[in-house]
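Asker: The sequence isn't on hand, but the structure is:
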């Protein structure tokens, strides 16, 4: 399975970009503070949308780094729609959604979990468990520069 991750150049080396440290420090939709996971997306466009929805527009005018990676299909668990917490898309983030990602890490059930994107629910993001033994089976390609189109970074009135 092909996936993508966008990071700032300060975090553009493999060790830092795939450590899970940012999510461990700040938490996310699918993990609690203290639980390391790495968020990646099924397409570069979805990775850009996920970044866009969370980032300060000014930060989008700067350079970013894109990592392409490949996950073996047999290490990915798919979260079925019927297993989603009822409020998984809630803002603020629901404890139920965080419990799902926390369990992935705590139970070491798999190196990756496919979850729907809150932005485009038919698309998939992947939570990677950097502490899982199968994490080493991921093929992470050399990073390359990424820039957001200026039309996305312009802040214009009305």
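Answerer: All right, it came through fine. Just so it is clear, the model here is predicted, and its values are computed rather than measured.
Asker: could you pull out the strands for the chain?
Answerer: Taking DSSP state E as the test, the strands found in the chain are 2-7, 38-41, 64-70, 76-78, 112-116, 124-128, 139-140, 144-146.
Asker: Only the buried residues of the fourth one, if you could.
Answerer: Taking 16 or more other CB atoms under 10 Å as the basis for neighbour counts, the residues of strand 76-78 that come out buried are residue 76. The C-beta positions use only the backbone N, C-alpha and C, and glycine is treated the same way.
Asker: helices or strands up against it?
Answerer: Contact here means 3 or more CB pairs under 8 Å, 6 or more residues apart in numbering; DSSP states H and E; on that basis strand 76-78 packs against strand 112-116.
Asker: in this structure, which spans are helices?
Answerer: Counting by DSSP state H, the chain has helices at residues 14-17, 21-26, 44-54, 95-107, 150-153.
Asker: What residues are bridge-paired with the most centrally placed residue in the chain?
Answerer: For the chain, the residue nearest the mean C-alpha position is residue 39 (1.9 Å; CA atoms, centre = their mean). Beta bridges link residue 39 to residue 127, judged by DSSP bridges.
Asker: quick one: contacts for it?
Answerer: For residue 39, the contact set (CB atoms under 8 Å, 6 or more residues apart in numbering) comprises 5, 23, 28, 30, 50, 125-128.
Asker: Adding distance to residue 13, write those out as TSV.
Answerer: Converted to TSV, the contacts of residue 39 look like this (distance: CB to CB, whole Å):
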residue	distance to residue 13
5	12
23	17
28	21
30	24
50	21
125	22
126	20
127	21
128	16
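Asker: Including neighbour count, could these go into CSV?
Answerer: Listed next are the contacts of residue 39 as CSV, based on neighbours: other CB atoms under 10 Å:
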residue, neighbour count
5, 24
23, 24
28, 19
30, 25
50, 23
125, 22
126, 24
127, 27
128, 29
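Asker: Nearest residue to residue 130 in space, please, no chain neighbours.
Answerer: Counting by CB to CB, 6 or more residues apart in numbering, residue 130 lies nearest to residue 20, which is 4.3 Å off, once chain neighbours are set aside.
Asker: go on, residue 71?
Answerer: Using CB to CB, 6+ apart, the closest residue to residue 71 is residue 1 (4.6 Å).
Asker: Ok, residue 59 next?
Answerer: residue 8 (7.6 Å).
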